[in-house]
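J.: just a sequence and a predicted model for now, questions to come.
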Amino acid sequence: MAETFRLLSHADYTVGWICALPLELGTARAMLDEEHQALPRQPNDENTYILGRISAHNVVIACLPHGITGNNSAATVANDMARSFKSIRIRLMVGIGGGAPGEEADIRLGDVVVSKPTGIHGGVVQYDFGKTKQEGRFVRTGTLNKPPVELLGAIARLEAEHMSRDPKFLEYISAATTKHPKLSSTLAYPGKESDELFNATYDHKVSSATCDDCDRRELVSRPARHNTIPRIHYGNVASGNEVMRHGRTRDRWARGENVICFEMEAAGLMDRFPCLIIRGICDYADSHKNKRWQNYAAATAAAYAKELLYTILPGDTQVISSPTELSECCSSKLSSISTLNHGNYTIRTVYYNSQECLSRRNGYVILYPTRAGIPAAFPNFLMLRIILLVLACFP
Ligand SMILES: [Zn+2]
């Protein structure tokens, strides 16, 4: 019997997920726990959507028009999506990107880079936007929005969880291929022997489609990993209108602007569709780049996005500004509390059982930055910004 998809309304969708390439759309779709029926197109909306559910979130996925990638196209798709789906509060850009491995980020193919404000940047740097000054010197100008604080809190929580357990990449990719057997070979791990990083100064042989003729003595020697579970790197993502495919230029921008990944859409989104950028690393943004890792990298990025959505519990978001407000919110509702301390955040998850929702669990996740050296405790809230995600009635 044919599968029957549920039909929801535009207002039911709270997660907006944008991808640039059909292969990214295919892996995004494979990560859905359930797919929904298509909805009628809204006036002046050119996008085609895939609708579904991940965890308790209803997710709307859109892809850039075939062959029209880049910042402007991403901005158009995001605008149309935001107009048609007015309840969206979690925004993600998920796909592949070029890694910029360095001393701080030992990036390998298949790893995932997630945009996170680092140094002077807010998580996304439009590196080719600026002025050319005297003697041809290029000076980058302008800044972009940061990802929403709710998403930054969620990635901090997930980062903390991954300190004590492995990410669920392999589990989610395996589940996707079980559900969609045709994807098994497409999403297969390409093998670490094909993960080759050449010295930035060594360019690819122009006439060769593969790196078979490239000089193996120019490979960067990197320690072997103990397993094939992709790693997650948090930092600034460089976004530009042209494909980065030159090792020395990559390194110059990576060092100068403190970026760990290159892509082509984020800069078009951040100001009007403030989102988290999640990029599976499919090449090293140098002249040796090829497409071999693209499908797998798209799958690891989509799997990270899925795990993130399982971390974010549905409900309303409230910013709490005083301890009194917090205690009013929490009093009589607490039944258990778990706390994780990580870096600049303390993550406190509060669960309670509500008599109004007998069969459901309600919970709060409270994230508040703590100053270095100050223990996380309620009396210190006065001097801290407190963010409370009120999480209602999740199944
Ligand atoms: Zn090569």
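T.: Perfect, I can see it now.
J.: for the protein, what lies in contact range of the ion?
T.: 204, 211, 214, 288 (Cβ under 5 Å from the ion). C-beta coordinates here come from the backbone N, C-alpha and C atoms, glycine included.
J.: just the helices from the stretch 1-150 of the chain, written as ranges.
T.: Here the stretch 1-150 of the chain has its helices, by DSSP state H, counting those that start in this stretch, at 22-30, 71-84, 149-161.
J.: okay, the ones you listed, which one's buried deepest?
T.: Burial of these is given as mean neighbour count (mean count of other Cβ atoms under 10 Å); helix 22-30 ranks first at a mean of 23.
J.: quick one: mean pLDDT for that helix?
T.: Average pLDDT, helix 22-30: 97.
J.: show me what it is packed up against.
T.: strand 15-19, strand 49-54, strand 57-63, strand 90-99, helix 169-179, helix 294-311 (3 or more Cβ pairs under 8 Å, 6 or more residues apart in numbering; DSSP states H and E).
J.: as TSV, those with mean neighbour count would be great.
T.: What follows is the helices and strands packed on helix 22-30, written out as TSV (neighbours: other Cβ atoms under 10 Å):
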stretch	mean neighbour count
strand 15-19	28
strand 49-54	22
strand 57-63	24
strand 90-99	27
helix 169-179	18
helix 294-311	26
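J.: could you list every residue that touches Asp111?
T.: Asp111 is in contact with 99, 230-233, 280-281, 300, counting by Cβ atoms under 8 Å, 6 or more residues apart in numbering.
J.: now swap in Leu183 and tell me
T.: 26-27, 30, 176-177.
J.: poorly predicted segments of the stretch 101-250 of the chain, please.
T.: 130-133, 138, 140-142 (pLDDT under 70).
J.: picking that back up, got a markdown table for the residues of the chain next to the ion, with distance to Lys306 too?
T.: Converted to a markdown table, the residues of the chain next to the ion look like this (distance: Cβ to Cβ, whole Å):
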| residue | distance to Lys306 |
| --- | --- |
| His204 | 34 |
| Cys211 | 32 |
| Cys214 | 35 |
| His288 | 30 |
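J.: burial count for Val164?
T.: No Val there; residue 164 is Ser. 7 (other Cβ atoms under 10 Å).
J.: err, Ile281, not the other one
T.: Neighbours around Ile281, by other Cβ under 10 Å: 31.
J.: pull up the pairing partners for the helix or strand hosting it, direction included.
T.: Counting by DSSP states H and E, the element that carries Ile281 is strand 276-283. Strand 276-283 pairs in its sheet with strand 90-99 (parallel), strand 112-115 (antiparallel), by DSSP bridges.
J.: tell me how far the first one lies from the chain's centre.
T.: Taking Cα atoms, centre = their mean, to the nearest Å, the mean C-alpha location of strand 90-99 is offset from the chain mean by 5 Å.
J.: can you check stretch 115-125 too?
T.: 13 Å.
J.: what about it, start to end distance?
T.: Stretch 115-125 has its terminal residues 10 Å apart, counting by Cα to Cα, to the nearest Å.
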